[in-house]
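# I'd like to go over a predicted model; first the sequence, then the structure.
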Amino acid sequence: MSSDGSTFAATREFAQEQLARSWFHVLTTLAVLTASIAVAAAAPWWPVRWLGSLIEALTMLRVFILFHDHMHGALLRSSPVAIALFRVVGLLLLTPARIWAETHNFHHAHTAKLGSPPTGTFAFWSVERWREASWRERLLYRLERHPVTMLFGHLLVFFIGISLWSFCTNPRRYKASGLAIAMHLGLSVCVWMAFGTELYLATMLVPFFIACAAGSYLFYAQHNAPGIELREADSWTHAAGALHGSSYMATGAVAAWFTGNIGFHHVHHLNVRIPFYRLPEAMKAIPELQAPIVTTLKPRDVLACLRLALWDHAEGRLVPFSAVR
């Protein structure tokens with residue numbers, strides 16, 4: 001067996017779900033979300049309401065990770081209650097199950113593979129392709145990867161990029177995307193008209209803005225960090241995409257809770273069936289997973305990730321636009 005095969009085989013014992021533990025995480029997360037919404041909506045002091053709004057946003061990020069794990073079959077995949085719950089969650093978070101599964105599974109099957117379509121991820125060009133591209137193609141590439149695009153991820157990535165685009169492309173196949181749009185707009189209007197602008201901002205617009213911006217950046221940095229290695233299709237393997245094309249985002253315990261351990265991204269990409277709560281356990285137990293490409297949420301590391309734009313074959317690394325002459 002190859003070393004890649006051996007590493008994957010070593011992860012299998014951690015891909016065994018613990019049902020009681022899964023339900024505990026789902027129920028406690030939903031409880032925190034409900035409590036934070038209540039605080040954001042009804043706390044008598046505005047600083048406390050905005051704190052509730054922030055906690056709501058971060059908990060939405062964790063809810064999304066639970067949905068993400070469920071869609072991978074790692075979390076409560078056989079529970080009819082969980083299936084119904086997460087279908088609704090996907091609609092509310094502008095990630096309808098069908099379009100999410102198709103694009104995200106494609107992403108996993110082509111992570112860090114040069115020349116593959118950018119389905120389900122940020123596009124990645126080589127320096128050579130950049131030089132050959134037209135000014136319009138370059139502009140679109142820059143806009144897709146621009147920090148402002150991530151900052152406004154609620155509108156540009158989730159609402160338009162995932163839901164609206166899929167529905168407009170194929171309304172019959174992606175009718176759930178149309179439903180997600182209708183639910184999002186309908187709920188927004190209802191909350192605004194029934195409870196006023198301040199409550200709408202505190203419980204919907206601001207939390208969605210923060211959660212989607214954070215989620216967009218996390219997804220970017222997981223495959224766009226210093227040290228990431230891209231490969232041509234003939235030398236690409238699933239394990240190489242996981243271990244050399246995915247980063248490990250080192251965070252403290254609080255950030256790890258809100259992000260559902262998604263920072264252990266190289267482990268997740270190696271075996272998507274590992275529940276999020278067992279990713280640290282797998283990394284600790286398997287030596288091959290203990291020397292990952294590391295990034296953090298420190299400003300210096302965030303800026304380092306955001307600067308990266310193109311794959312330089314000659315240097316064998318990601319480089320910023322400014323490095324191309």
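Great, that's in hand.
# F106 sits in which helix or strand?
Element membership of F106, judged by DSSP states H and E, is helix 97-110.
# elements contacting that helix?
In terms of contacts (3 or more CB pairs under 8 Å, 6 or more residues apart in numbering; DSSP states H and E), helix 97-110 is packed against helix 46-71, helix 80-92, helix 175-195. Just so you know, the C-beta spots here come from the backbone N, C-alpha and C atoms, and that holds for glycine as well.
# between the second one and helix 97-110, how many degrees?
To tie it back to what came earlier, the one meant is helix 80-92. Orientation check (axes from the mean of the first three to the mean of the last three CA atoms, to 10 degrees): helix 80-92 against helix 97-110 gives 90 degrees.
# please name every helix or strand in contact with helix 80-92.
helix 46-71, helix 97-110, helix 175-195.
# who are the packing partners of the longest one?
Translated: helix 46-71. helix 19-42, helix 80-92, helix 97-110, helix 206-221, helix 253-258.
# quick revisit: just the helices and strands packed on helix 97-110: most buried one?
For the helices and strands packed on helix 97-110, the stretch with the most neighbours on average is helix 46-71, a mean of 21; neighbours defined as mean count of other CB atoms under 10 Å.
# export the helices and strands packed on helix 46-71 to TSV and tack on distance to H68?
TSV is the format used below for those (distance: least, CB to CB, whole Å):
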stretch	distance to H68
helix 19-42	13
helix 80-92	9
helix 97-110	8
helix 206-221	10
helix 253-258	14
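# turn these into CSV, including distance to A10 and mean pLDDT.
As requested, these are arranged in CSV below (distance: least, CB to CB, whole Å; pLDDT from 0 to 100):
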stretch, distance to A10, mean pLDDT
helix 19-42, 21, 98
helix 80-92, 28, 98
helix 97-110, 19, 95
helix 206-221, 26, 97
helix 253-258, 22, 97
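# follow-up on the earlier one: compare the helices and strands packed on helix 97-110 and give me the one nearest E288.
Evaluated with CB to CB, those place helix 46-71 nearest to E288, the distance being 22.4 Å.
# now H154: closest residue in space, sequence neighbours ignored.
Setting aside the residues directly before and after it, H154 is nearest to C212 in space (CB to CB, 6 or more residues apart in numbering), at 3.8 Å.
# what about the residue most central in space within the chain, distance to I262?
When CA atoms, centre = their mean is applied to the chain, the residue found nearest the centroid is F219 (4.2 Å). The span separating F219 from I262 equals 9 Å under the rule CB to CB, to the nearest Å.
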